[in-house]
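Q: dropping a prediction and its sequence here:
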Amino acid sequence: MLDETTISCAHVPPADRFDFWNEVMRRTIAPLELVSAHRSDYWADQRILELGTVTAWPTKNRPTLYRRTARHIRQSDPEFVHIGLSVAGPLQVTQDDRQFLVPSGDLHIADSSRPHEVRVGTSGRLHIGSSVKVPRALLPLGRDQIDRACPRHVPGDQGYGALLRELLLQLAGSSHSYGSEDGPRLGMLVADLLSALLVQTLDDGARTLTPESRRRTLLLRVKEFARAHLHEADLTPRTIAAAHHISLRHLHRLFADEDLTLSAWIRRQRLDRARRDLTDPTLRKVPVQQLAARWQFHSPSDFSRAFRTTYGVPPTEYRARSGELEFEGQESGEPAFGEQESGGRGRDSHGPGTVTREAPRLSR
């Protein structure tokens with residue numbers, strides 16, 4: 001299944017639930033302010049799905065106003081375009097001088113880099129929605145074009161809107177039919193559909209796709225594709241070029257200004273996946289070479305040499321250290337060796353699994 005985290009206020013005292021959810025949204029989405037007439041009986045839960053560099057979050061909550069101001073943007077601007085589907089219950093969007101109502105089954109698009117408000121739910125009923133945030137860097141659009149395209153009400157029964165609606169509905173229902181390797185592919189699909197929708201909306205045709213934006217977007221998609229296929233033996237520059245309908249020469253030119261060549265970049269990504277597996281407690285009994293082989297390192301000596309060159313210690317020693325520090329971390333509350341703070345998102349995104357978060361500590 002997809003890499004998924006569930007956050008719920010079920011076990012938070014009722015009086016603290018609204019403040020808790022305000023903090024959850026600030027940490028997982030972006031700085032913003034929540035307003036609700038249901039502070040005393042607030043309820044919300046959400047699932048966070050990592051789709052490569054794209055993030056989806058199906059949500060259920062009491063009627064709420066989400067407000068993102070210029071102050072919030074100065075605090076943090078993740079520079080993403082937000083797509084929201086109203087699954088059950090209407091919502092109202094306000095950005096710049098535009099305001100519109102989005103009925104159930106329709107979508108809206110908003111820009112995180114400009115102040116806006118989204119009001120969800122009516123009459124005390126739970127509102128159900130499914131949202132996705134797509135980094136602007138993945139979209140072949142300039143700043144002025146995104147400004148013109150957002151905010152926007154998108155009908156969910158026609159064209160690209162219908163395709164996006166169907167995908168968001170699937171994510172809102174269950175992710176069990178997908179494997180962890182499908183996450184980046186789904187993220188690329190969302191970015192492609194959103195790009196096509198925005199280009200169609202702007203009606204700029206080929207003028208919208210500048211050479212630099214096309215190059216940047218293609219490079220990001222090539223990397224997402226490669227990450228999704230790192231475990232496959234036939235992942236080569238030739239197969240990557242064929243999958244993207246470009247020449248091998250064109251593919252190598254995309255990496256000309258990068259720190260690593262394509263082949264070296266793939267090797268580094270595979271090493272990093274092997275490193276993460278070595279720190280995974282659930283894989284502790286799996287032999288090192290078997291983990292290495294998962295990421296296409298079939299020679300023990302070559303893997304050990306490459307690992308030591310990159311991380312400074314042999315893989316067996318790295319695993320031993322991670323085990324020691326994991327035990328110490330369980331006693332002290334510190335994260336294990338080779339791991340990072342998850343910021344409330346659950347386990348590291350390299351492996352499949354669902355993590356439930358009920359009441360992380362709030363910073364006040």
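A: Ah, there it is. These numbers come from a predicted model, not from an experiment. Numbering: from 1, shown residues only.

Q: domain map for the chain?
A: 3-210, 266-342 (automatic domain parsing).

Q: looking at the ones you listed, which is buried most?
A: Counting by mean count of other C-beta atoms under 10 Å, domain 3-210 has the highest mean neighbour count of these, with a mean of 18. The C-beta positions use only the backbone N, C-alpha and C, and glycine is treated the same way.

Q: next one: it to chain centre, how far?
A: Relative to its chain's centre, domain 3-210 lies at 12 Å (C-alpha atoms, centre = their mean, to the nearest Å).

Q: where exactly do the helices run in the stretch 151-300 of the chain?
A: 159-173, 182-202, 211-228, 237-243, 248-254, 262-278, 288-294, 300-311 (DSSP state H, counting those that start in this stretch).

Q: dump those to a markdown table, plus distance to Val87 and mean pLDDT.
A: Output for the helices of the stretch 151-300 of the chain, formatted as a markdown table (distance: least, C-beta to C-beta, whole Å; pLDDT from 0 to 100):
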| stretch | distance to Val87 | mean pLDDT |
| --- | --- | --- |
| helix 159-173 | 6 | 86 |
| helix 182-202 | 16 | 84 |
| helix 211-228 | 27 | 74 |
| helix 237-243 | 33 | 94 |
| helix 248-254 | 38 | 94 |
| helix 262-278 | 34 | 92 |
| helix 288-294 | 37 | 94 |
| helix 300-311 | 45 | 94 |
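
Q: turn these into TSV, columns for distance to Glu117.
A: Output for the helices of the stretch 151-300 of the chain, formatted as TSV (distance: least, C-beta to C-beta, whole Å):
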stretch	distance to Glu117
helix 159-173	21
helix 182-202	21
helix 211-228	29
helix 237-243	41
helix 248-254	39
helix 262-278	39
helix 288-294	47
helix 300-311	47
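
Q: closest one to Ser130 among the ones you listed?
A: Between Ser130 and the helices of the stretch 151-300 of the chain, the tightest spacing by C-beta to C-beta is seen for helix 159-173, at 3.8 Å.

Q: which residue is the nearest non-sequential neighbour of Leu164?
A: Leu193 (5.2 Å; C-beta to C-beta, 6 or more residues apart in numbering).

Q: what's the least confident stretch among the domains of the chain?
A: Comparing mean pLDDT across those, the weakest is domain 266-342, with a mean of 78.

Q: picking up where we left off before, in contact with the residue nearest to Leu164, which residues?
A: Tyr160, Leu163, Leu164, Leu167 (C-beta atoms under 8 Å, 6 or more residues apart in numbering).

Q: picking up where we left off before, closest one to Arg62 among the helices of the stretch 151-300 of the chain?
A: helix 159-173 (17.6 Å).

Q: who are the packing partners of that closest one?
A: On a contact count with 3 or more C-beta pairs under 8 Å, 6 or more residues apart in numbering; DSSP states H and E, helix 159-173 meets strand 54-61, strand 80-88, strand 107-111, strand 127-135, strand 152-154, helix 182-202.

Q: show me what contacts the nearest residue to Gly161 once chain neighbours are set aside?
A: In this structure, Gly161 finds its nearest non-sequential neighbour in Val154, 4.2 Å apart by C-beta to C-beta, 6+ apart. Residues in contact with Val154 (C-beta under 8 Å, 6+ apart) are Asp106, Leu107, His108, Ile109, Tyr160, Gly161, Leu164, Leu197.

Q: which residues touch the most centrally placed residue in the chain?
A: Centroid-nearest residue in the chain: Thr55, 2.6 Å away (criterion: C-alpha atoms, centre = their mean). By C-beta under 8 Å, 6+ apart, the contact set of Thr55 is Ile48, Leu49, Val132, Lys133.

Q: Leu278: what's its closest spatial neighbour, skipping adjacent residues?
A: Arg319 (4.4 Å).

Q: mind checking the SS state of that neighbour?
A: Using DSSP: H, G, I helix; E, B strand; the rest coil, the structure places Arg319 in helix.

Q: pretty sure it is touching Arg276, no?
A: No: shown here, Arg319 and Arg276 do not form a contact pair, counting by C-beta atoms under 8 Å, at 11.3 Å.

Q: so which of the helices of the stretch 151-300 of the chain gets nearest Pro14?
A: Nearest to Pro14, of all the helices of the stretch 151-300 of the chain, is helix 159-173, at 25.8 Å by C-beta to C-beta.

Q: so the closest one versus strand 54-61, what angle?
A: 70 degrees (axes from the mean of the first three to the mean of the last three C-alpha atoms, to 10 degrees).

Q: need the residues that contact whatever helix or strand Arg71 lives in.
A: In this structure, Arg71 sits in helix 70-75 according to DSSP states H and E. For helix 70-75, contacts defined as C-beta under 8 Å, 6+ apart pick out Ala30, Pro31, Leu32, Glu33, Ser112, Ser113, Arg114, Pro115.

Q: could those go into JSON lines alongside distance to Thr5 and secondary structure?
A: Formatted as JSON lines, the contacts of helix 70-75 follow (distance: C-beta to C-beta, whole Å; DSSP: H, G, I helix; E, B strand; the rest coil):
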{"residue": "Ala30", "distance to Thr5": "17", "secondary structure": "coil"}
{"residue": "Pro31", "distance to Thr5": "20", "secondary structure": "coil"}
{"residue": "Leu32", "distance to Thr5": "19", "secondary structure": "coil"}
{"residue": "Glu33", "distance to Thr5": "23", "secondary structure": "strand"}
{"residue": "Ser112", "distance to Thr5": "20", "secondary structure": "coil"}
{"residue": "Ser113", "distance to Thr5": "25", "secondary structure": "coil"}
{"residue": "Arg114", "distance to Thr5": "28", "secondary structure": "coil"}
{"residue": "Pro115", "distance to Thr5": "28", "secondary structure": "coil"}
